[in-house]
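1. kindly return the folded structure for what I paste below:
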Amino acid sequence: MVDPVLKWAGGKRQLLSDITARFPTEYDRYHEPFFGGGAVFFHLEPDGGSMNDLNERLVTFYEVVRDAPEALIEENRTHEHDDDYYYDARDEFNELHRTEEKTSKQAIREASLLLYLNRTCFNGLYRENSDGEFNVPVGRYADPDWIQAERIRAASDALAGAAIHDEDFEYVVDEAEAGGLVYFDPPYQPVSTTAKFNDYHAEGFDRDDQRRLRDVAAELDEVGVSVVLSNSPPVAELYEGLERFSVEVVDATRAINSDGDGRGEVAEVLITNVPEGERRRTTLSEF
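-> Predicted coordinates for the structure are as follows:
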């Protein structure tokens, strides 16, 4: 098991046992179309498969981790830390994002800045404004560690055989084959009209996208692909008409929230087409 390199809103470390207990005992290639922090992928360390995220900076980060881990570690060692440095780094990070064709050196720099900001920003939060600019203020940490050498090397090994995409999640319809496994962890539908837990990327993810995701899950099911999906309770009703899918409610501790005082247990739903008799029997002792 590999520890994720990044902190990420909606990360699944607290739910790993619940999620993987619904995976089939045997499967071929593994696919994760909403990668984020990659807690499930890094726990499984699958041989090959694919990962995907619409956040271009996140995709660049994982490409650098996979292909140039030592260069990234060395770049990480160049950072200092105080409030002025943080905001200069944030400005540079946003400026690099506006660079359309990055050199390999610029990609490594952007990846290093992302990790530095991730480890020193308020509450470990990743958030973009409507212009796609990272806008989280500096946090308060006694001794933040943004070098993360051991985790980067381990993550690089785990990603070595994986295809990395930055496409719409529907790419997986063409990539996944019978006997494969797809885990979907989309931006969650808010449980109330005031909740804003799904706005961590400027493009957002609305109810129509949730319906598209349901249709993709059904299409994968028809061709023999195992599907596991996590979301918030309001999404459960979308899957009521899919006979082979079951919906189960679990409690999860949300570790990152835009409101630092808003942490705590929340209800989540796990949706899967994997029959109970074909599932793993994961126990907490594995973690």
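2. which residues of the chain score low on pLDDT?
-> For the chain, the stretches with pLDDT under 70 are 10-11, 13, 191-203, 252-265, 282-287.
3. can you pull out the strands in it?
-> Assigned by DSSP state E, the strands in the chain fall at 30-32, 50-52, 163-165, 181-184, 226-231, 246-254, 264-272.
4. what about Asp3, neighbour count?
-> 13 (other Cβ atoms under 10 Å). No exception for glycine: its C-beta is placed from N, CA and C like everyone else's.
5. quick check, it in contact with Phe41.
-> No. If you go by Cβ atoms under 8 Å, Asp3 and Phe41 don't touch, sitting 12.0 Å apart.
6. contact partners for Pro69?
-> Counting by Cβ atoms under 8 Å, 6 or more residues apart in numbering, Pro69 makes contact with 152-153, 155-156.
7. the nearest residue to it once chain neighbours are set aside: neighbour count?
-> For Pro69, ignoring the flanking residues on the chain, the nearest one in space by Cβ to Cβ, 6 or more residues apart in numbering is Ser156 at 3.9 Å. The local packing of Ser156 (other Cβ under 10 Å) involves 21 other residues.
8. Ser156 and Ala163: what is the separation?
-> 15 Å (Cβ to Cβ, to the nearest Å).
9. what about the helices in the stretch 151-287 of the chain?
-> In the stretch 151-287 of the chain, the helices defined using DSSP state H, counting those that start in this stretch lie at 171-175, 207-222.
10. of these, which is nearest Arg29?
-> Nearest to Arg29 among the helices of the stretch 151-287 of the chain is helix 171-175; the distance by Cβ to Cβ comes to 8.1 Å.
11. to the chain's geometric centre, what's the distance from that closest one?
-> 18 Å (Cα atoms, centre = their mean, to the nearest Å).
12. and for stretch 142-159?
-> 16 Å.
13. list the buried ones in it?
-> 144, 146-148, 151-156, 158-159 (16 or more other Cβ atoms under 10 Å).
14. just put the residues you listed in JSON lines and tack on distance to Asn231.
-> Shown next, in JSON lines, are the buried residues of stretch 142-159 (distance: Cβ to Cβ, whole Å):
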{"residue": "Pro144", "distance to Asn231": "32"}
{"residue": "Trp146", "distance to Asn231": "31"}
{"residue": "Ile147", "distance to Asn231": "35"}
{"residue": "Gln148", "distance to Asn231": "30"}
{"residue": "Arg151", "distance to Asn231": "28"}
{"residue": "Ile152", "distance to Asn231": "30"}
{"residue": "Arg153", "distance to Asn231": "33"}
{"residue": "Ala154", "distance to Asn231": "29"}
{"residue": "Ala155", "distance to Asn231": "26"}
{"residue": "Ser156", "distance to Asn231": "30"}
{"residue": "Ala158", "distance to Asn231": "25"}
{"residue": "Leu159", "distance to Asn231": "25"}
